[in-house]
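Q: no sequence for this one, just the structure:
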């Protein structure tokens with residue numbers, strides 16, 4: 001009788017956010033199903049940024065981060081995520097103020113996740129994680145917890 005190996009019951013909430021995002025981004029890149037937009041090499045992640053990201057795999061990281069945020073709070077829409085990815089805009093000698101992140105990057109990330117079947121439209125507004133997406137993300141979290 002062969003023993004069946006089961007991963008421990010670990011969810012995305014149980015692992016460190018930075019470790020999960022890095023691990024899930026690597027998984028998305030390895031799978032090769034995520035189609036990158038043409039503008040990925042030139043886009044800034046927010047209007048308060050001066051340069052595009054240095055990391056060539058930044059889009060995978062952003063998609064993984066958006067997936068985690070939707071997993072933790074169903075109903076997140078583009079507006080809420082723009083605020084979450086916002087930051088301080090440097091206005092030169094004038095005082096700095098808060099500025100929102102790029103909506104087009106978040107919309108593209110959501111569209112990519114919908115195409116993969118990880119998230120879907122929530123009837124109450126925003127997006128929510130599908131059953132397939134929850135299982136995939138929990139598996140990544142369990143593998144990450146197993147390494148630790």
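A: That came through fine. On a predicted model such as this, the values are computed, not experimentally measured, just so you know.
Q: show me which helix runs longest in this protein.
A: helix 131-147 (DSSP state H).
Q: could you list the buried residues of that helix?
A: Going by neighbour count (16 or more other Cβ atoms under 10 Å), the buried part of helix 131-147 is 133, 136-138, 140-142, 144-145. Placement of C-beta: from N, CA and C, glycine included.
Q: other residues contacting that helix?
A: 7-12, 14-15, 19-20, 23-24, 27, 67-68, 71, 113, 116-119, 129 (Cβ atoms under 8 Å, 6 or more residues apart in numbering).
Q: out of the residues you listed, which are inside strands?
A: 119, 129 (DSSP state E).
Q: from the contacts of helix 131-147, list just the buried residues.
A: 10, 12, 15, 20, 23-24, 27, 67-68, 71, 113, 116, 118-119, 129.
Q: out of those, which are inside helices?
A: 20, 23-24, 27, 67-68, 71, 113, 116.
Q: so for residue 122, what's the pLDDT?
A: Per-residue confidence (pLDDT) for residue 122: 92.
Q: wait, isn't it in contact with residue 110?
A: No. Assessed by Cβ atoms under 8 Å, residue 122 is found out of contact with residue 110, at 11.4 Å.
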